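>>> Got a predicted structure here, sequence first:
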Amino acid sequence: MTIEFYTWNTPNGRKISVALEEMGLPYNVHTVNIGKDEQFKPEFLAISPNNRIPAIVDTEGPGGQPISVFESGAILIYLAEKTGRFMPADLRRKVPVLEWLMWQMGGFGPMPGQVHHFLGVSDPVDQRYGLERYSKETRRLYGVLDRRLAGRDYVADECSIADFAILGWAWRHERHKVDLAEFPNVKAWYERCMARPATKKGFEVALS
């Protein structure tokens, strides 16, 4: 069984490379150069109809048949369900994993992504409002995460797919213009995660 992994070197791509390494799943990387619009090729759209990376094809999916999965959150849930790892079976313990995964998908990704965009806008008049708005919201989200991590090693107490999802974006904190020293619980969590050998490998594997 091998996971065919279609991706590029982005926060969303890194979520999945970390998860694959942490779960010990064999995989092949297929780079999709989004700078050259390769995400619009018909063969990629067949598995990711929203023309976004990452996407996977599990050659031995349910019933032993291949299955494709797009959207990073859906991929993380699929892999966790497949392996029985990094998402508890107990519903009470599963709820915070899903809550913080959705928190990342709905906020701590889209908001810093807008910061990335407006940092690249050359006209200061065009840049000012968007950068101010999204930087403020990004910092608010770092604060939410910092409060959550007070007294916790991981966002749902045990290491989970929610941590992998959030870590993919926290990895770009310098690009967000955020100093993790201002959020000490996030900083300690970030360093704790990055010290995990499989996570470290997930960030080192070539995705571009």
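Now that the structure is in, tell me what you want to look at.
>>> and the helix or strand hosting residue 129, what other elements does it pack with?
Using DSSP states H and E, residue 129 sits within helix 124-148. If contacts are counted by 3 or more CB pairs under 8 Å, 6 or more residues apart in numbering; DSSP states H and E, helix 124-148 sits against helix 110-119, helix 184-194. All C-beta atoms are positioned from the backbone trio N, CA, C, and that covers glycine.
>>> tell me the angle the helix or strand that comes right after it makes with helix 110-119.
Later in the chain than helix 124-148, the nearest helix or strand by DSSP H and E is helix 161-170. Relative orientation of helix 161-170 versus helix 110-119 (axes from the mean of the first three to the mean of the last three CA atoms, to 10 degrees): 10 degrees.
>>> can I get the CA coordinates of helix 161-170 in CSV?
Extracted C-alpha coordinates of helix 161-170, given in CSV (Å, rounded to 0.1, in the frame of the first residue of the first chain):
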residue,chain,number,x,y,z
ILE,A,161,-4.1,15.6,13.4
ALA,A,162,-5.2,19.0,14.8
ASP,A,163,-1.6,19.7,15.8
PHE,A,164,-0.4,18.7,12.4
ALA,A,165,-2.9,21.0,10.7
ILE,A,166,-2.1,24.0,12.9
LEU,A,167,1.7,23.4,12.8
GLY,A,168,1.7,23.6,9.0
TRP,A,169,0.7,27.3,9.3
ALA,A,170,2.6,28.1,12.5
